[in-house]
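Trainee: pasting the structure only:
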Ligand code: HEC
């Protein structure tokens with residue numbers, strides 16, 4: 001009877017170790033983001049933890065899109081510039097969503113936010129459009 005208990009304890013201990021090792025693996029996994037040198041995520045300063053759920057359009061805009069869309073770099077339509085945005089808005093929001101996901105001329109695919117979901121990209125497009133009318 002005693003040996004059964006010992007065996008049971010050993011099995012429990014092994015499975016506990018296994019669970020601990022698995023959760024450690026989860027914790028040390030990279031967040032699934034692609035970082036480029038000079039990118040916000042590379043410095044970690046503007047990084048938003050993936051576990052916080054979807055980022056708001058404003059968060060994505062501020063940390064990613066603003067690089068070009070706040071300054072007009074590379075001919076990007078600036079946030080708040082109604083004249084620059086109105087012909088784009090006229091194309092329809094779905095077209096703008098597609099441009100943000102797939103890219104459009106100087107506009108890089110995903111606006112360089114490689115860890116953004118389509119929904120996060122759409123939210124950031126909504127944010128820019130709403131603030132550029
Ligand atoms: C590296 C610079 C850069 C970054 C970063 C960037 N954009 Fe752009 N974006 C551009 C440029 C340049 C254009 C204008 C392209 C054109 O009209 O030829 C543009 C245009 C757009 C348009 C209009 C597309 C159309 O069909 O008229 C949308 C929408 C857009 N960007 C969304 C985003 C979003 C959302 C982000 C952030 C997730 C983002 N951009 C980040 C450069 C950038």
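Mentor: Now that the structure is in, tell me what you want to look at. Not measured: the values here are computed from a predicted model. Residues are numbered from 1 along each chain as shown.

Trainee: got a list of contacts for the helix or strand containing residue 121?
Mentor: Residue 121 is part of helix 118-130 when elements are defined by DSSP states H and E. Residues outside helix 118-130 that contact it (C-beta atoms under 8 Å, 6 or more residues apart in numbering) are 54-58, 60-61, 64-65, 69, 79, 85, 89, 93, 96-97, 100-101, 110-111, 113, 116. Heads up, the C-betas are built off the backbone N, CA and C, glycines and all.

Trainee: Close to the ligand: what parts of the chain are there?
Mentor: Applying C-beta under 6 Å from any ligand atom, one finds that the chain approaches the ligand through 60, 64-65, 67-69, 73-77, 88, 91, 95-96, 99-100, 104-108, 111-113, 116, 121, 124-125.

Trainee: For the ligand, what's its nearest residue on the protein.
Mentor: The minimum distance from the chain to the ligand, using C-beta to the nearest ligand atom, falls at residue 111 (2.5 Å).

Trainee: thinking that residue is in contact with residue 100, fair?
Mentor: Yes. Using C-beta atoms under 8 Å, residue 111 is in contact with residue 100, at 5.8 Å.

Trainee: Spatially nearest residue to residue 86, not counting backbone neighbours?
Mentor: residue 133 (7.8 Å; C-beta to C-beta, 6 or more residues apart in numbering).

Trainee: can you give me the strands for the chain?
Mentor: In the chain, no strands are found when defined by DSSP state E.

Trainee: could you pull out the helices for it?
Mentor: 2-28, 40-43, 57-60, 66-69, 82-89, 93-102, 118-130 (DSSP state H).

Trainee: Can you turn the buried subset of the contacts of helix 118-130 into a selection I can paste into PyMOL?
Mentor: Buried subset of the contacts of helix 118-130, written as a PyMOL selection, criterion 16 or more other C-beta atoms under 10 Å:
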select buried, resi 55+57+58+60+61+64+65+69+79+85+89+96+97+100+101+110+111+113+116
